[in-house]
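K.L.:
Return a 3D structure for these sequence lines:
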Amino acid sequence: MTATDDPFGDAYRCAHESGAQPGVAHLIYEMEDGYIYAEDAVHYFHGPDTWLPVDRMACERATGRILDIGCGPGRHGSVLVQSGKDVVGIDTSRGGVEVARLRGVEAHVASVTELPDDLGTFDTFLMLGANLGLLGDPERSRGTLEGLARHARPGARLLGTNMAFAEEAGADPRAPQGVHTARAHRGEEFVRMRVRHRTAATEWFDFLFCPPDRLEEVTRKTPWTVHSVHRDDSTAWPTYLADLRLEG
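P.N.:
Numbers count the residues shown, from 1 in each chain. Coordinates of the predicted model:
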């Protein structure tokens, strides 16, 4: 396997070319401690009725010009475009951007840590599908949030979702088999992982499972403040929607 390949994009292309048939392409999530689970890529082509409630809520609240960060194959962005909203998507996966464009999203290959200057400005930033974890550790999150602020219009908001794992020891009995929660429950907020599809693999990276009560720490000394947090315990594992507002 070569880490320069595009496993996300390869899986998205396969699923798209199959007409979104289940079982055609799987993303394999491999944790550093050896834990592995698989996700059918067809899930990224399902409609809002299959999304997590916090992701639906975020899309309902998104207004103005919207930047869908980590847009993948346009799972959320394509639906927003169809509803008449002004959406731009970014993703580091070339294949994801290609498929998102085929689904009607103005998408660009870019990273949230290095936003292109010519993207313009936005009223709403979306980080859905637990993509709030892309903020990384407090040092990295400050740089990322400052970068987003440079592309933000007055009164802008960032709507991001993540898993609301508890900090106490022990696994949540509601968590479905195949969801790696033990580290987050022990208070280890980062899970080091990589993603594979067939012979392609990403580099190893840290994903942040930030408990909602630590968002203040993540946003401290940034242009953003935590306006509200909506927690949803009705799903198989707890999730939350964070609403960050631009100061000033």
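
K.L.:
could you give the mean pLDDT of the longest helix along the chain?
P.N.:
The longest helix of the chain (DSSP state H) is helix 138-150. What helix 138-150 shows for mean pLDDT is 89.

K.L.:
May I have the helix or strand just after that helix as CSV, with CA atoms only?
P.N.:
Beyond helix 138-150 on the C-terminal side, the first helix or strand identified by DSSP states H and E is strand 152-163. What follows is strand 152-163, C-alpha atoms only, in CSV (Å, rounded to 0.1, in the frame of the first residue of the first chain):
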residue,chain,number,x,y,z
ALA,A,152,-15.7,34.5,7.4
ARG,A,153,-18.2,37.2,6.9
PRO,A,154,-19.5,39.3,9.8
GLY,A,155,-21.7,37.2,12.1
ALA,A,156,-20.4,34.0,10.6
ARG,A,157,-21.0,30.7,12.4
LEU,A,158,-19.3,27.3,12.4
LEU,A,159,-21.6,24.3,12.8
GLY,A,160,-19.7,21.1,13.6
THR,A,161,-20.6,17.7,14.8
ASN,A,162,-18.7,15.1,16.7
MET,A,163,-19.2,12.1,19.1
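
K.L.:
Could you pull out the buried residues of strand 152-163?
P.N.:
Going by neighbour count (16 or more other CB atoms under 10 Å), the buried part of strand 152-163 is 152, 156-163. Placement of C-beta: from N, CA and C, glycine included.

K.L.:
Nearest to Phe205, out of the residues you listed: which one, please.
P.N.:
Of all the buried residues of strand 152-163, Asn162 has the smallest distance to Phe205: 15.7 Å, by CB to CB.

K.L.:
Where does the nearest residue to the closest one once chain neighbours are set aside sit: helix, strand or coil?
P.N.:
Closest residue to Asn162 apart from its sequence neighbours, by CB to CB, 6 or more residues apart in numbering: Leu132 at 4.1 Å. What DSSP: H, G, I helix; E, B strand; the rest coil gives for Leu132 is helix.

K.L.:
quick one: least confident helix or strand in the chain?
P.N.:
Least confident helix or strand of the chain, by mean pLDDT, DSSP states H and E, is helix 182-185 with a mean of 42.

K.L.:
and Thr235, how many neighbours does it have?
P.N.:
Per other CB atoms under 10 Å, the neighbour tally for Thr235 reads 14.

K.L.:
before we move on, back to that, for the residue nearest to Asn162, list the residues it contacts.
P.N.:
Residues near Leu132 by CB atoms under 8 Å, 6 or more residues apart in numbering: 160-162, 208, 210, 242.

K.L.:
Can I get those residues in JSON lines including pLDDT?
P.N.:
What follows is these, written out as JSON lines (pLDDT from 0 to 100):
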{"residue": "Gly160", "pLDDT": "97"}
{"residue": "Thr161", "pLDDT": "96"}
{"residue": "Asn162", "pLDDT": "93"}
{"residue": "Leu208", "pLDDT": "79"}
{"residue": "Cys210", "pLDDT": "79"}
{"residue": "Ala242", "pLDDT": "97"}
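
K.L.:
would JSON lines of the buried residues of strand 152-163 with distance to Thr113 be doable?
P.N.:
Formatted as JSON lines, those follow (distance: CB to CB, whole Å):
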{"residue": "Ala152", "distance to Thr113": "16"}
{"residue": "Ala156", "distance to Thr113": "18"}
{"residue": "Arg157", "distance to Thr113": "20"}
{"residue": "Leu158", "distance to Thr113": "15"}
{"residue": "Leu159", "distance to Thr113": "19"}
{"residue": "Gly160", "distance to Thr113": "15"}
{"residue": "Thr161", "distance to Thr113": "19"}
{"residue": "Asn162", "distance to Thr113": "17"}
{"residue": "Met163", "distance to Thr113": "21"}
